[in-house]
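Visitor: Model the following, please.
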Amino acid sequence: MDDQDQYGRYMSQQPQQIHGNQNDNSNVHYNGFANTQSYPNSDYAQPSTGSTGQQQVMYGEYAEQRQHHEGEYRGYEVYGAHEYYTGNGEKLRPMQPVRHRRRWFWPLLVLSLLLVMMVGSIFGYRDGHDVQLGHSIMGGIQKHDFMRPGDGGKSDTQQVNLPTGMTPTLTINDTNGSVVVNAINGMSNVVTITVNSQSGDNTNDAAINLDKQHDVLSINTTNFSDVSDIVVTTPSNVNVQVQSGSGDVQLQNITGQVNVQDNDGAVSVDKIIGNVAISTTNGSISANAISGQVNLTSQGGDINLTQMALNSQSSLKSQRGSISFAGSLDSKGSYTFETVDGDIHLALPSDASFHLTGTSSNGNVHNDFNGSDVGGAPRPSLNVSSQNGDITISQGQ
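Guide: Predicted structure coming up:
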């Protein structure tokens, strides 16, 4: 046997990868390789030349694999201008690749649901545990929304029945917290007391005592180790005394005497019918709609009064703050407005009467009433002084 015959026999037994020229009749496609083996039971013929003169080749996977794995069959693109046919003369057409569905839809949906649950948990935790300190407007002055107990904090509410027939006195001593007293007209003699401890102190340890003999209800939280806020709802006909170390104080709708001493907090009073005495060290004082004698002193804060009706011997003094007043002056009283470092502005009715003494060591004095004796007798005395600030007395409020 010559070399050419040996080479032909060898090639008939070996798969060959097809490259370029397809004009020879020895190549059958099996996954990109040529093979000359025959499969008599297959519907696909060995390579031959049909009546059209074009090559017929096996196309695709093995016939047996295609019969059993039809869903996994992948067609191959026809290269060049050649066409391929089955043994029955049917033209082969390449199958399009199967497009798999995208598998990221469900993981994305699960992730979105988890995110929604996390956000809901965060807002739920916030609503149940946050310590909040906001503000709103109460009768023209600033109103504070005092703190709720935070993580580990406790809250306790108690009710006390006050004696009837007399005006009781409510005394509150809170070293490290805020105090809110809200009186309700027409309410029964029940006082509701809520103590909020932010440190986890037992709020039942708050000393709440009722001295029926002297009609005094006292609330004391000085034994608490951390911040404790007190909220009281009471009948309006009550006298209130508050001593606070480092918290804000807010009083509203009280028909009685008010006395507040606060070291490092702001004091706000609204709608008080009675005498008011307030003293602060490093906090401001705000008052609205007060009818009575007023004595206010602040070492390092401003004093702001609106819709006032002062009488008797009233005084407003600040060491390092400005004073602003809008209201009326009873003709039988005397009134003092005094500051060391700050301006003073008084807005009085156009028909007001008073005898003015106004001095400023290092500032200007402006009087819209054009004179020291204003209106008819009797004229209350009005003493206004500032060492380092301007003084303005204007008409109309």
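
Visitor: Can you read off the pLDDT for the closest residue to residue 244 other than its chain neighbours?
Guide: Counting by Cβ to Cβ, 6 or more residues apart in numbering, residue 262 is the residue found nearest to residue 244 once chain neighbours are left out, at 4.6 Å. Any C-beta I mention is one placed from the backbone N, CA and C, and that applies to glycine too. Each residue has a pLDDT score; the one for residue 262 is 95.

Visitor: What of the one 10 residues further on?
Guide: Note for residue 272: predicted pLDDT of 97.

Visitor: residues of the helix or strand where it lies that come out buried?
Guide: Secondary-structure element containing residue 272, defined by DSSP states H and E: strand 267-273. Neighbour-count burial for strand 267-273, counted by 16 or more other Cβ atoms under 10 Å, picks out 267-273.

Visitor: Next: stretch 216-235.
Guide: Applying a neighbour-count criterion of 16+ other Cβ under 10 Å, one finds 217, 219-221, 224, 227-235 buried in stretch 216-235.

Visitor: For residue 293, the count of nearby residues, please.
Guide: Residues within reach of residue 293, counting by other Cβ atoms under 10 Å, total 18.

Visitor: mind listing the helices for the chain?
Guide: If DSSP state H is used as the criterion, the helices of the chain fall at 3-12, 63-68, 105-129.

Visitor: picking that back up, just the buried residues of strand 267-273 now: which is nearest residue 194?
Guide: residue 268 (18.8 Å; Cβ to Cβ).

Visitor: hang on, that closest one packs against residue 242?
Guide: No: with the criterion set as Cβ atoms under 8 Å, residue 268 and residue 242 do not qualify as a contacting pair; they are 11.8 Å apart.

Visitor: who's in contact with the residue nearest to residue 353 when sequence neighbours are not counted?
Guide: Once its chain neighbours are removed from consideration, residue 353 has its nearest residue in residue 375; the separation is 2.4 Å (Cβ to Cβ, 6+ apart). The contact partners of residue 375, taken as Cβ atoms under 8 Å, 6 or more residues apart in numbering, are 351-354.

Visitor: re the thing from before, any residues in contact with both of residue 268 and residue 242?
Guide: 249, 251.

Visitor: Just the residues contacting stretch 209-219, thanks.
Guide: For stretch 209-219, using Cβ under 8 Å, 6+ apart, the contacting residues are 160, 162-163, 166-174, 191, 193, 195, 206-208, 220, 230, 232.

Visitor: Sort out for me which of the residues you listed are in strands.
Guide: When the contacts of stretch 209-219 are checked against strands using DSSP state E, the ones located there are 160, 169-174, 191, 193, 195, 207-208, 220, 230, 232.

Visitor: of the residues you listed, buried ones?
Guide: When those are checked for burial by 16+ other Cβ under 10 Å, the buried set is 160, 169-174, 191, 193, 195, 208, 220, 230, 232.

Visitor: Could you pull up the contacting residues of the spatially closest residue to residue 355 that is not a sequence neighbour?
Guide: When the adjacent residues along the chain are set aside, residue 355 lies closest to residue 379, with 4.6 Å between them (Cβ to Cβ, 6+ apart). The contact partners of residue 379, by Cβ under 8 Å, 6+ apart, come to 331, 353-355, 373.

Visitor: Mind doing that once more with 6 Å?
Guide: Contact analysis of residue 379 by Cβ atoms under 6 Å, 6 or more residues apart in numbering lists 353-355.

Visitor: If you rank these by neighbours, which is first?
Guide: Using other Cβ under 10 Å as the contact criterion, the top neighbour count among the contacts of residue 379 goes to residue 354, which has 24 neighbours.

Visitor: Would you confirm that it contacts residue 380?
Guide: Yes: checked against Cβ atoms under 6 Å, the pair residue 354 and residue 380 is within contact range at 5.4 Å.

Visitor: In space, what's closest to residue 158 - neighbours in sequence excluded?
Guide: Nearest residue to residue 158 in three dimensions, chain neighbours excluded: residue 193, at 5.1 Å (Cβ to Cβ, 6+ apart).

Visitor: oh sorry, the question was meant for residue 357
Guide: For residue 357, the closest residue by Cβ to Cβ, 6+ apart turns out to be residue 383, at 4.9 Å.

Visitor: beta partners of that neighbour?
Guide: When bridges are taken as DSSP bridges, the partners of residue 383 come out as residue 336, residue 357.

Visitor: hang on, the earlier thing: where is pLDDT lowest across the buried residues of stretch 216-235?
Guide: In terms of pLDDT, residue 224 ranks lowest among the buried residues of stretch 216-235, with 62.

Visitor: Residue 299 touches residue 281, doesn't it?
Guide: Yes: using Cβ under 6 Å, residue 299 and residue 281 qualify as a contacting pair, with a distance of 4.9 Å.
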